[in-house]
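S.K.: Could you look at this predicted model? Sequence included:
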Amino acid sequence: MNVIKAFKELEFGNSVRMFRINSLDTKYAYRDLIEVIEAVGENVDLVMIPKVNYAEDIYVLDTLLSEIELNKSLKNKSG
């Protein structure tokens, strides 16, 4: 996956390191998050969520991200 390769190989300097997942109403969104965060989560500062329709969308993504962080023993950068 190009996103993973970029986070591993590119030097971002002081820039915020962010990637955009597919919309939550697609079949790709959860795999985007899982694959990237499990592979290079320590290098990611932000995840962009496109086309948020409901507050629950943020809750679902936050819950999934928290579970990945726990599973991979990643430190939560927001807290």
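M.R.: Yep, that arrived. Worth saying up front: this structure is predicted, and the values here are computed from it rather than measured.

S.K.: Check this structure for me, the residue farthest from its geometric middle.
M.R.: residue 13 (19.3 Å; Cα atoms, centre = their mean).

S.K.: which regions of this protein sit below the pLDDT cut-off?
M.R.: Applying pLDDT under 70 to the chain flags the ranges 76-79.

S.K.: residue ranges of the strands in it, please?
M.R.: Counting by DSSP state E, the segments of the chain that form strands are 18-20, 46-48.

S.K.: Pick the most buried one from the ones you listed.
M.R.: Greatest average neighbour count among those goes to strand 18-20 (a mean of 14), per mean count of other Cβ atoms under 10 Å. To be clear about C-beta, it is placed using only N, CA and C from the backbone, and glycine gets the same treatment.

S.K.: Show me what that one pairs with in its sheet, parallel or antiparallel.
M.R.: strand 46-48 (parallel) (DSSP bridges).

S.K.: contact partners of the partner strand?
M.R.: 16-21, 33, 37, 61, 65 (Cβ atoms under 8 Å, 6 or more residues apart in numbering).

S.K.: Compare those and tell me which has the most neighbours.
M.R.: In terms of neighbours by other Cβ atoms under 10 Å, the contacts of strand 46-48 top out with residue 37 at 24 neighbours.

S.K.: The residue nearest to that residue when sequence neighbours are not counted: neighbouring residues, count only.
M.R.: Spatial nearest neighbour of residue 37, chain neighbours left out: residue 68 (4.8 Å); criterion: Cβ to Cβ, 6 or more residues apart in numbering. By the criterion of other Cβ under 10 Å, residue 68 has 17 neighbours.

S.K.: Then residue 66?
M.R.: Neighbours of residue 66 using other Cβ under 10 Å come to 12.

S.K.: going forward can the numbers begin at 22, since that is how I track them
M.R.: Shifting the count to begin at 22 puts that one at residue 87.

S.K.: Could you tell me how far it is located from residue 62?
M.R.: 12 Å (Cβ to Cβ, to the nearest Å).

S.K.: Residue 34 now?
M.R.: Taking Cβ to Cβ, one finds residue 34 at 19 Å from residue 62.
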